[in-house]
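In: Compute the structure for the input listed below.
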Amino acid sequence: MMKRRTLFICEHNSARSQIAAAFLRKYGGDDYDVDSAGLEPTELNPLAVEVMKEAGIDISDQKPQSVFDLFRQGKLYQTIITVCQPAADKCPIFPGVAKRLHWPFDDPHQFAGTWEEKLSQTRQVRDQIKDTITAWISENRR
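Out: As a prediction, the model looks like this:
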């Protein structure tokens, strides 16, 4: 059985796309081959690392990468999912893509307040992403 190649894209590949990819790897199991990338990759957001650790998933070793590098490598995906508006607006058109989805989530990088306040807001985003991923997996069961 062929795995469904899925790519998550956000602006910096530092939080939302990393969280989404981690949840699809966990809950999608062997049905999915998952990548995540960004338009302008930066460092992993420590808020994302922390809230995923709380959820029992370690993303601390994930390396942000450029969507344009994946495009130049000729990678092919059945589904590309953008998780922020800049990614939806600027994503390159991959050949052979069967489906493009747009799931906008708030950017933890933009959150203000104390560490705890930002962590709380990031938990909400994490939970929204988890709910969206698990619902999507259920809808796409073979």
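
In: so who does the residue nearest in space to the middle of the chain touch?
Out: Centroid check for the chain by CA atoms, centre = their mean gives Ser17 as the closest residue, at 1.9 Å. Contact partners of Ser17, counting by CB atoms under 8 Å, 6 or more residues apart in numbering, are 8-10, 36-38, 83, 87. C-beta coordinates here come from the backbone N, C-alpha and C atoms, glycine included.

In: Give the buried subset of those residues as a ChimeraX selection command.
Out: Provided next is the ChimeraX selection string for whichever of these are buried by 16 or more other CB atoms under 10 Å:
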select :8,9,10,36,37,38,83,87
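
In: Show me which of the contacts of Ser17 is closest to Gly74.
Out: Relative to Gly74, the closest of those is Ala37; by CB to CB it sits at 14.1 Å.

In: what pairs with that closest one across the strands?
Out: Taking DSSP bridges, one obtains Ile9 as the residues bridged to Ala37.

In: Quick one: the helices in the chain, in order.
Out: Counting by DSSP state H, the chain has helices at residues 16-28, 46-54, 67-72, 85-90, 115-139.

In: Which neighbouring elements make contact with the last one?
Out: When contacts are defined as 3 or more CB pairs under 8 Å, 6 or more residues apart in numbering; DSSP states H and E, helix 115-139 packs onto helix 16-28, helix 46-54.

In: right, so the ones you listed: which one is the most enclosed?
Out: The highest mean neighbour count among the helices and strands packed on helix 115-139, using mean count of other CB atoms under 10 Å, belongs to helix 16-28: a mean of 24.

In: Would you mind writing the CA trace of that helix as CSV?
Out: What follows is helix 16-28, C-alpha atoms only, in CSV (Å, rounded to 0.1, in the frame of the first residue of the first chain):
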residue,chain,number,x,y,z
ARG,A,16,2.6,25.3,13.1
SER,A,17,3.8,23.1,10.3
GLN,A,18,6.2,21.2,12.6
ILE,A,19,3.3,20.5,15.0
ALA,A,20,1.0,19.4,12.2
ALA,A,21,3.6,17.1,10.7
ALA,A,22,4.3,15.6,14.1
PHE,A,23,0.6,14.9,14.8
LEU,A,24,0.1,13.4,11.3
ARG,A,25,3.1,11.1,11.9
LYS,A,26,1.7,10.0,15.2
TYR,A,27,-1.9,9.6,14.3
GLY,A,28,-1.7,8.8,10.6
